[in-house]
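K.L.:
Return a 3D structure for these sequence lines:
(one chain, ligands or ions: 1)
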Amino acid sequence: MSLPAILSGPLSVPVVASPMFIASGPDLVVAECTSGVIGAFPALNARPASLLGDWLDEITDRCAAYQGQNPDAIVAPFAVNQIVHRSNDRLEADMATIVEHQVPIVITSLGARPEINDAVHSYGGIVLHDVINNAFAHKAIEKGADGLIAVAAGAGGHAGTLSPFALLSEIRSWFDGPLLLSGAIAHGRSVLAAQAAGADFAYVGSAFLSTVEANVADDYRQMVVNSGASDIVYSNLFTGVHGNYLRGSIEAAGLDPDDLPTSDPSAMSFGSSGGDAKAWRDIWGSGQGIGVIEQSSTVAELVARLRSEYLTARDELTARWVAETVG
Ligand SMILES: Cc1cc2nc3c(=O)[nH]c(=O)nc-3n(C[C@H](O)[C@H](O)[C@H](O)COP(=O)(O)O)c2cc1C
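P.N.:
All right, here's what the predicted structure looks like:
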């Protein structure tokens with residue numbers, strides 16, 4: 001398995017903090033990067049579009065200042081997410097800003113386009129594309145993406161339905177580039193499991209909703225802390241694409257989570273009009289992994305927990321392997 005230079009630097013734990021609509025802004029991304037995990041935000045979170053360049057400057061400057069004050073700290077790179085959907089009327093303008101600022105990692109979702117990949121490659125950046133099955137994975141690489149994010153069952157936001165083991169195994173059988181696993185990872189042990197199953201990194205979203213740096217309402221943060229896997233509802237009603245949402249937020253909106261009408265992809269709307277922003281503000285996205293989140297914390301505390309759990313799991317597995325095979 002080969003990794004490009006930007007993904008080969010040291011991390012506190014092999015985690016990419018995924019981009020989350022509304023929730024991921026400069027405070028969250030800077031806290032993620034300065035805690036030693038790759039941070040990310042959707043370009044669409046910077047509204048209006050003219051704010052995107054300011055955010056990129058702010059994140060770059062704050063991370064550099066932190067590194068200057070803490071020369072020994074691991075400060076990870078950051079990524080910007082582009083929704084490559086025809087309803088995103090900001091795509092070209094945001095791409096121009098991304099190229100101007102030479103964003104090191106671009107994450108593309110809901111569409112793979114060669115010209116987006118070419119634009120990022122023009123300054124030496126890399127593109128990670130998220131996919132929910134092996135066929136989309138093949139298409140993304142054919143169109144020039146450098147790496148893949150396998151979005152498995154249980155992921156927050158728009159999620160797949162496949163088992164992570166099945167999805168990773170199918171992709172790894174032909175792809176030896178950067179591969180990330182997304183879906184219900186909120187414990188360091190699961191980060192190690194993702195690597196054992198063939199991924200290079202875990203792609204973690206919902207766990208970061210519980211942090212004080214996430215741009216979410218206090219009630220949302222608390223619902224993430226209080227909920228578990230069985231409180232997550234899979235529906236396409238809210239955006240036209242299937243995604244995972246907190247049952248409590250659906251009930252609070254006066255809907256019956258067990259009897260939701262269905263929608264279809266023609267309902268998808270992204271871009272400068274605000275699109276799905278209202279739906280996502282009231283109906284709260286979350287993956288199934290949140291049962292292990294017991295309290296709200298800072299990003300630094302969450303990353304320290306993930307790292308400690310990851311190292312403990314690795315030591316325990318090694319000890320078990322030695323005892324079983326040598327002892
Ligand atoms: C509230 C929320 C908003 C999300 N918004 C986006 C988004 O705008 N773009 C995107 O590519 N992924 C988005 N995602 C999906 C994440 O990138 C990632 O696939 C997912 O959070 C990983 O699963 P987990 O939440 O179980 O850790 C979102 C996820 C959540 C929970």
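
K.L.:
can you tell me the distance between the two ends of stretch 68-75?
P.N.:
Distance between the two ends of stretch 68-75: 10 Å, counting by C-alpha to C-alpha, to the nearest Å.

K.L.:
tell me which residues in that stretch are buried?
P.N.:
74, 75 (16 or more other C-beta atoms under 10 Å). All C-beta spots, glycine's among them, are computed from the backbone N, C-alpha and C.

K.L.:
Now do that stretch: distance to the chain's middle.
P.N.:
Relative to its parent chain, stretch 68-75 has a centroid offset of 24 Å by C-alpha atoms, centre = their mean, to the nearest Å.

K.L.:
How about stretch 284-296?
P.N.:
The answer for stretch 284-296 is 14 Å, by C-alpha atoms, centre = their mean.

K.L.:
swap in stretch 95-113?
P.N.:
Stretch 95-113 has its C-alpha centroid displaced from the chain centroid by 15 Å (C-alpha atoms, centre = their mean).

K.L.:
Next: stretch 88-102.
P.N.:
Centroid separation for stretch 88-102 versus its chain: 20 Å, with C-alpha atoms, centre = their mean.

K.L.:
Now do the same contact list for residue 189.
P.N.:
Contacts for residue 189 (C-beta atoms under 8 Å, 6 or more residues apart in numbering) come out as 309, 310, 312, 313.

K.L.:
oh, I was asking about residue 49
P.N.:
Contacts of residue 49 (C-beta under 8 Å, 6+ apart): 90, 93, 94, 97, 272.

K.L.:
count of residues packed around residue 204?
P.N.:
The tally of other residues near residue 204 (other C-beta atoms under 10 Å) stands at 32.

K.L.:
pretty sure it is touching residue 186, no?
P.N.:
Yes: if you go by C-beta atoms under 8 Å, residue 204 and residue 186 touch, sitting 6.8 Å apart.

K.L.:
close enough to count as contact, residue 12 and residue 33?
P.N.:
No: using C-beta under 8 Å as the test, residue 12 is too far from residue 33 to be in contact (10.5 Å).

K.L.:
who has more neighbours, those two?
P.N.:
More neighbours surround residue 33 than the other of residue 12 and residue 33, with 26 against 17 (other C-beta under 10 Å).

K.L.:
what helix or strand is that one on?
P.N.:
Assigned by DSSP states H and E, residue 33 belongs to helix 26-34.

K.L.:
Report the mean per-residue pLDDT for stretch 311-325.
P.N.:
For stretch 311-325, the mean per-residue pLDDT is 92.

K.L.:
in that stretch, what's buried?
P.N.:
Residues of stretch 311-325 classed as buried by neighbour count (16+ other C-beta under 10 Å): 313, 314.
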